[in-house]
Structure formats: C-alpha cells, structure tokens
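> sequence first, predicted model second:
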Amino acid sequence: MEERPPVVTEKPWGRELLLWSTDTYVVKILCVRAGCRLSLQYHRAKRETLLLGSGRALLEIHLGDEVIQHSLDEAVDVAPGTAHRLVALEDSEIVEVSTTELDDVVRLEDDYGRKGA
C-alpha cells in the first residue's frame, strides 16, 4: 500500500486529519481544543464510531429532551439520525471511523455560526 500524508482541514474548534479513505470507510483524527465543542448535528446516512485517543472529551447523544454523555473510554457507535455533539474538556484527539458520506452533516446548533445542512 502506498503511504500518503494525512489531509489536514482547519476547523473553528481545532483541526481534522483525514488519515485513510476507501470505498467503504474513512478514518479521521479530530483534534479538538480544550473548551471547544463541535456542532450539535446528525447525519442522514453516515454511520460513525468514535473513540478517545488522548485528552478528555465527552460525546453527547441527544434523545429529545434527554442528553446522554459518554466519556469515549470505549468506542461509541453513532447511527444515522442520532443527534450528537463532541465536547473537549481538555485538548483531545478523537478517532473517528465512519462510512464515506463526508458531507452528510445537518447542524442543529453551532457555536461558530454554521447551523443548517
């Protein structure tokens, strides 16, 4: 296999490193600065699994009025249609393995003015 450098995308909350992409899955590292959080969002088709690589972060799963927090010490699967948000308690790296629908993001809330599809 050919070695390729990661594709780095700067984000308002840190940066995203796209490490690997195939026809069926994508592997990314989300580098999130302490105190930052990603959009409250869901995906129509994308399925992802999240796991903490370093730091301390929470994954919030929103089920109506109920919010369930996961520490990401173990991998958490996020099914399509599930409203969720990552919150960094300190500088953190989160491993994301997902299906390939990278533009499938519907933002319900966003700290950086990016609400919407």
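That came in fine, so what should we check first? Numbering: from 1, shown residues only.
> pLDDT weak spots in the chain?
Within the chain, the segments meeting pLDDT under 70 span 1-2, 116-117.
> how about the strands in it?
According to DSSP state E, the chain carries its strands in the segments 7-11, 14-21, 26-32, 40-42, 48-54, 57-63, 66-70, 76-78, 83-88, 92-98, 106-109.
> could I get the ones you listed as CSV with distance to K115?
(Glycine included, C-beta is placed from N, CA and C.) Formatted as CSV, the strands of the chain follow (distance: least, C-beta to C-beta, whole Å):
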stretch, distance to K115
strand 7-11, 15
strand 14-21, 19
strand 26-32, 19
strand 40-42, 9
strand 48-54, 20
strand 57-63, 15
strand 66-70, 18
strand 76-78, 19
strand 83-88, 13
strand 92-98, 21
strand 106-109, 5
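> would CSV of these with mean neighbour count be doable?
Converted to CSV, the strands of the chain look like this (neighbours: other C-beta atoms under 10 Å):
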stretch, mean neighbour count
strand 7-11, 11
strand 14-21, 16
strand 26-32, 19
strand 40-42, 20
strand 48-54, 17
strand 57-63, 17
strand 66-70, 12
strand 76-78, 16
strand 83-88, 21
strand 92-98, 19
strand 106-109, 15
